[in-house]
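S.K.: based on what follows, work out the 3D shape:
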Amino acid sequence: MNYTALKSKVAKYLKIKQNTHDYRDQWKAGKKKLVIDTLQGIINNTNLEAEIDIKDDVDNLEVIMFNLGRTKSGIREKLQGEEYRTVVRNNGLLVYQQLFNGKLVVLIVQPFLEGYGEPQQPKTLEILRPDEINEGYIVRHVEELLNELTNWEDYDDDQPAPPPIGFNTQFQMTEDEV
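M.R.: Presented below is the predicted three-dimensional model:
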């Protein structure tokens, strides 16, 4: 029996398993610190109020969160008489989370009002090998977070709707097209 194809698959599998160990080592050897230091530099050099939260209670599934915190939303719910409940707003997060295979998933968590609707699912920006991440990527991720936050803050329905497509939609033809 010829095992050439099977040997190739085994070699590929063993290489991928080794990559997991290498990625974890790269994270520990400095990429984790790079992410933290770059995010801290952004806080120190801008007017953006944020803090860095680190969840490292599970080795090799660590999480770094660029957390914009929680604040009063300015919305109050009337309870009884003169009693009100302040609605709390979560201002959003940028998350770097190690995956089981040592790669990093970068996520954006949209702002949301506690008790009003369901928070949106986090938006995945990308999945990176630790050796791919650098200051430029991190700054770009924060820029994407800020774009999402700005769109959330400035939400309205004044944007033109795309033209309808599909069955039972009508369109107008000009005389030139007829």
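
S.K.: where is the longest strand in this protein?
M.R.: Identified as the longest strand of the chain according to DSSP state E is strand 70-78.

S.K.: mind listing residues that contact that one?
M.R.: 84-91, 113, 115 (CB atoms under 8 Å, 6 or more residues apart in numbering). From N, CA and C alone the C-beta is placed, and that goes for glycine too.

S.K.: what ranges do the strands span in the chain?
M.R.: 51-55, 63-67, 70-78, 84-90, 93-98, 104-109, 112-113, 123-128.

S.K.: which of those strands sits closest to K7?
M.R.: Ranking those by proximity to K7 (CB to CB) places strand 123-128 first, at 28.9 Å.

S.K.: now the helices for the protein?
M.R.: 4-26, 32-45, 135-153 (DSSP state H).

S.K.: kindly reformat those as TSV and extend each row with mean pLDDT, distance to P122 and mean neighbour count.
M.R.: Output for the helices of the chain, formatted as TSV (pLDDT from 0 to 100; distance: least, CB to CB, whole Å; neighbours: other CB atoms under 10 Å):
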stretch	mean pLDDT	distance to P122	mean neighbour count
helix 4-26	96	21	12
helix 32-45	98	17	16
helix 135-153	94	11	15
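
S.K.: tabulate those helices (a markdown table), appending distance to K72.
M.R.: As requested, the helices of the chain are exported to a markdown table (distance: least, CB to CB, whole Å):
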| stretch | distance to K72 |
| --- | --- |
| helix 4-26 | 41 |
| helix 32-45 | 22 |
| helix 135-153 | 15 |
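
S.K.: quick one, which of those is nearest to Q80?
M.R.: Closest to Q80 of the helices of the chain is helix 135-153 (CB to CB; 31.7 Å).

S.K.: so which residue is smack in the middle of this structure?
M.R.: Taking CA atoms, centre = their mean, the centroid of the chain lies closest to L107, which sits 1.7 Å from it.

S.K.: run through the bridge partners of that residue.
M.R.: V95, T124 (DSSP bridges).

S.K.: isn't it up against Q120?
M.R.: No - using CB atoms under 8 Å, L107 is not in contact with Q120; the gap is 11.3 Å.

S.K.: buried set for the longest strand of the chain?
M.R.: Burial within strand 70-78, assessed by neighbour count using 16 or more other CB atoms under 10 Å, is assigned to S73.

S.K.: gap between N2 and L79?
M.R.: 76 Å (CB to CB, to the nearest Å).

S.K.: all set, thanks.
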